[in-house]
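> What follows is a predicted protein model with its sequence.
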Amino acid sequence: QLQASGGGLVRPGGSLRLSCTASGFALNNYAIGWFRQAPGKEREGVSCISSTDGSSYYGDSSKGRFTISRDDAKNAVYLQMNNLKPEDTAVYYCAAGPEFGFDTIYDEWGQGTQVTVSS
């Protein structure tokens, strides 16, 4: 079971770190993706990290501001989000799957954590 946490209310320009943790399986055996969905919008890939060589990939909206990382000792994947903008407001989900990318199949999804960027 995956769990995403760390969301909250932050002012524009602020930072948050989201955590994705798992129970029952090791995250380092899977590619992990972060996705988000805002009201009335389609789900969007934010970032993903490979299970093999640690390669990471970012969507255009998150590139240069967000950083994905793994902590295998804590069985966690993090999404550090800096310089947050109001358009980053969404529910953020983490997902685990066998293949790296935004368009691959993710088998396990967390419940989502709300990020709200507002002054």
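Nice, I can see it. Residues are numbered from 1 along each chain as shown.
> quick one: contacts for the nearest residue to residue 103 once chain neighbours are set aside?
Of all residues not flanking residue 103 in the chain, residue 45 sits nearest, at 8.0 Å (CB to CB, 6 or more residues apart in numbering). From N, CA and C alone the C-beta is placed, and that goes for glycine too. Residues near residue 45 by CB atoms under 8 Å, 6 or more residues apart in numbering: 33-35, 59, 102-103.
> And those residues, which of them are buried?
Burial by neighbour count, 16 or more other CB atoms under 10 Å: within these this picks out 33-35, 59, 102.
> about what we covered before: make JSON lines out of the contacts of residue 45 and add pLDDT and secondary structure.
Below are the contacts of residue 45 laid out as JSON lines (pLDDT from 0 to 100; DSSP: H, G, I helix; E, B strand; the rest coil):
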{"residue": "33", "pLDDT": "97", "secondary structure": "strand"}
{"residue": "34", "pLDDT": "97", "secondary structure": "strand"}
{"residue": "35", "pLDDT": "97", "secondary structure": "strand"}
{"residue": "59", "pLDDT": "95", "secondary structure": "coil"}
{"residue": "102", "pLDDT": "89", "secondary structure": "coil"}
{"residue": "103", "pLDDT": "88", "secondary structure": "coil"}
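> Sweet, I'm off.
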